[in-house]
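Asker: mind folding the following:
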Amino acid sequence: MKKFKIFFLIVALILILSTPTLAEPTIKSECAVVMDMQTGQILYAKNPHQVNFMDNMTKLLNVSTAVNNGNLYDTLDVTYDTLLETDRDSLAGTLGLKNGNTITLEDALYGEILGNADDAARVVAGNLANEDAKIGDAHDVKAYLKMMKDEAKYLTAASVNISNVMGITSSDQLSSTVDLANIMRLAFKNSDFKQILTTKSHDVTVTKSGSGSVQNNAENPKNTGSQKTKNSDITVTLKNMHSMVNGAIPYKGVKGGFVVNTESSGFHSVTYAKRTISNDDDNPIQRELVVAIMKSPNEATVYDDTAVLLDYGYDEWQEFTLPAKKLDKFLPSDLSHKKIVFPEDVKCLLPNGMGKGDLIAKTELSENQYCNGEISFTVKNNPQIVAQSSFYEDNSRTPMNKTLKTILTALVALMFLAGLFLLISRIILPFTKKLKTKRRKQQKKHNRSKAKRRKPKYDEAKIKEMEAKENEYFGIKPDKQRKNQDKQHNLQKGQNKENKHKKRNN
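Answerer: Sure thing, here's the model as predicted:
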């Protein structure tokens with residue numbers, strides 16, 4: 001008995017050890033999310049919905065709103081009104097814009113991301129929301145603030161709340177880590193936004209008029225660069241402050257990002273990476289990830305945690321596709337009699353070693369007269385949703401009950417057999433019989449005509465003459481002559497007997 005217990009224990013241990021497990025990364029930042037750029041699937045989350053002070057990450061929304069509502073080649077006017085609130089002593093950068101300067105929208109947006117420039121963000125808001133000749137007053141900024149809030153809704157950033165366009169620390173300037181990732185993922189669909197976030201350096205040109213000058217922010221030494229003055233234009237070279245983007249901290253696949261040091265919550269960052277997973281020349285597979293981090297204790301930790309999370313996203317997950325025609329197998333049994341349609345295949349990432357059998361499905365039906373809803377999938381030991389797909393009932397043709405379908409199928413089969421029987425008995429067999437009879441008559445007629453052709457046409461005298469010649473040739477005697485010979489033979493035989501009798505008597 002003891003041996004059996006040991007055996008079963010060993011088998012159980014083997015099963016447990018053979019079950020794929022997902023080793024999650026260990027990071028020091030308080031909040032983090034790893035998200036697939038194509039599907040929005042969350043591969044890793046640590047306090048993803050915890051709301052934190054957004055601070056200068058607000059500039060992501062500012063830039064996304066601008067590229068969707070403005071023309072990058074438009075010229076923005078810098079006035080006293082547009083520069084309100086930008087003379088504070090903060091950790092944000094500045095382009096040193098002064099009253100009377102002009103700058104293109106493109107350069108202002110690069111100033112926001114590469115230089116974290118508050119004055120550029122304020123000038124953008126004051127110009128794009130302007131509805132009259134007066135530029136940059138409070139009304140215009142409030143209008144642009146509303147545009148940014150609408151942009152946040154469009155980017156599904158539900159937790160985002162903003163009270164200023166630049167990112168000044170405020171109890172009303174809030175966001176969660178998962179919403180920072182959503183902003184990056186969806187805003188990247190705009191090629192201009194993507195270009196700005198993935199640029200390593202850019203020359204910003206400010207046109208100076210009247211008094212005033214353009215200067216680099218001394219509090220951002222990473223962005224100090226050469227200034228080139230030509231007439232009244234000053235060009236400043238800005239360098240992306242994200243060390244993985246500008247190459248100061250090399251990491252394979254990192255293409256873009258934004259990092260800020262907040263006044264109260266440590267470091268925040270978003271990082272975009274793209275790497276080729278499959279080396280198949282015919283169909284190479286590329287994986288795009290975004291890592292969002294909030295409340296990291298220091299700058300070094302931001303990059304260390306980002307590298308760990310990107311390694312996890314690329315090394316621990318594999319591509320997986322579940323065809324749409326097989327998704328109905330995951331639906332509840334009470335929907336089996338309905339014709340459910342899934343519009344497309346489900347493509348997602350699964351932990352290495354896991355497959356279709358490890359998927360756990362959850363179905364949610366919509367409360368209306370039509371049968372439609374959404375099915376979501378998780379995997380064992382991981383609460384994060386790996387894939388979602390909507391479905392609906394096709395009402396163009398109501399599916400039959402299985403019993404009724406079986407009966408109708410049987411009736412159709414019987415009708416087919418009955419029709420086949422009638423075809424054979426009423427048409428094919430009579431036709432075959434008639435054909436055989438016709439052929440038989442034709443054969444008989446042919447035989448008779450053949451016999452007539454072979455029979456010689458001689459008269460009776462000729463036949464007797466031929467028979468006589470044949471009898472003479474073969475030694476055959478006529479009947480009369482044969483009878484006379486028999487008679488003579490009998491007489492001779494009788495005479496011989498009589499002679500023998502006489503001799504015996506003597």
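
Asker: what stretches of the stretch 351-500 of the chain score poorly on pLDDT?
Answerer: 367-370, 395-402, 450-459, 473-486 (pLDDT under 70).

Asker: hey, where'd the strands end up in it?
Answerer: 359-365, 372-379, 382-393 (DSSP state E, counting those that start in this stretch).

Asker: just put those in a markdown table and tack on distance to Ile340 and mean neighbour count.
Answerer: C-betas here are computed from N, CA, C, even on glycine. Listed next are the strands of the stretch 351-500 of the chain as a markdown table, based on distance: least, Cβ to Cβ, whole Å; neighbours: other Cβ atoms under 10 Å:
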| stretch | distance to Ile340 | mean neighbour count |
| --- | --- | --- |
| strand 359-365 | 10 | 14 |
| strand 372-379 | 9 | 17 |
| strand 382-393 | 5 | 17 |
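
Asker: bridge partners for the nearest residue to Leu359 once chain neighbours are set aside, pull those for me.
Answerer: Spatially, and ignoring its direct neighbours in sequence, Leu359 is nearest to Phe377 (4.8 Å; Cβ to Cβ, 6 or more residues apart in numbering). Judged by DSSP bridges, the bridge partners of Phe377 are Ala361, Ala387.

Asker: ok, Phe377 - contacts?
Answerer: Phe330, Val346, Cys348, Leu359, Ile360, Ala361, Lys362, Ile385, Val386, Ala387, Gln388 (Cβ atoms under 8 Å, 6 or more residues apart in numbering).

Asker: please redo it, this time with the cut-off set to 7 Å
Answerer: Leu359, Ile360, Ala361, Ile385, Val386, Ala387 (Cβ atoms under 7 Å, 6 or more residues apart in numbering).

Asker: and these, which is closest to Asp150?
Answerer: Ile385 (26.8 Å; Cβ to Cβ).

Asker: now the closest one: closest residue in space, sequence neighbours ignored.
Answerer: Closest to Ile385 by Cβ to Cβ, 6+ apart is Ser376, at 5.0 Å.

Asker: for that neighbour, give its distance to Cys348.
Answerer: 11 Å (Cβ to Cβ, to the nearest Å).

Asker: before we move on, what about Met35?
Answerer: From Met35 to Cys348 the distance is 12 Å (Cβ to Cβ).

Asker: wait, Ala273 touches Lys252, no?
Answerer: No: Ala273 is not in contact with Lys252 according to Cβ atoms under 7 Å; the separation is 8.3 Å.

Asker: the two: who's more crowded?
Answerer: Ala273 (23 against 10; other Cβ atoms under 10 Å).

Asker: pop out the phi and psi values for that one.
Answerer: phi -140, psi 150 (degrees, to the nearest 10).

Asker: and the pLDDT for the nearest residue to it once chain neighbours are set aside?
Answerer: In this structure, Ala273 finds its nearest non-sequential neighbour in Gly253, 4.2 Å apart by Cβ to Cβ, 6+ apart. As predicted, Gly253 sits at a pLDDT of 94.

Asker: list the contacts of Gly253.
Answerer: Here Gly253 is in contact with Ala273, Lys274, Arg275 (criterion: Cβ under 7 Å, 6+ apart).

Asker: how much space between it and Phe320?
Answerer: Distance of Gly253 to Phe320, computed by Cβ to Cβ: 21 Å.

Asker: equivalent analysis for Thr306, please.
Answerer: Counting by Cβ to Cβ, the gap from Thr306 to Phe320 is 25 Å.

Asker: for Glu112, same thing?
Answerer: Counting by Cβ to Cβ - Glu112 and Phe320 are separated by 38 Å.

Asker: of the two, which one has the most company?
Answerer: Between Glu112 and Phe320, counted using other Cβ under 10 Å, the more crowded position is Glu112 (31 against 18).

Asker: all strands for the stretch 201-350 of the chain, in order.
Answerer: Going by DSSP E, counting those that start in this stretch, the stretch 201-350 of the chain shows strands at 201-207, 227-230, 233-239, 254-261, 267-276, 286-296, 317-322, 340-341, 346-351.
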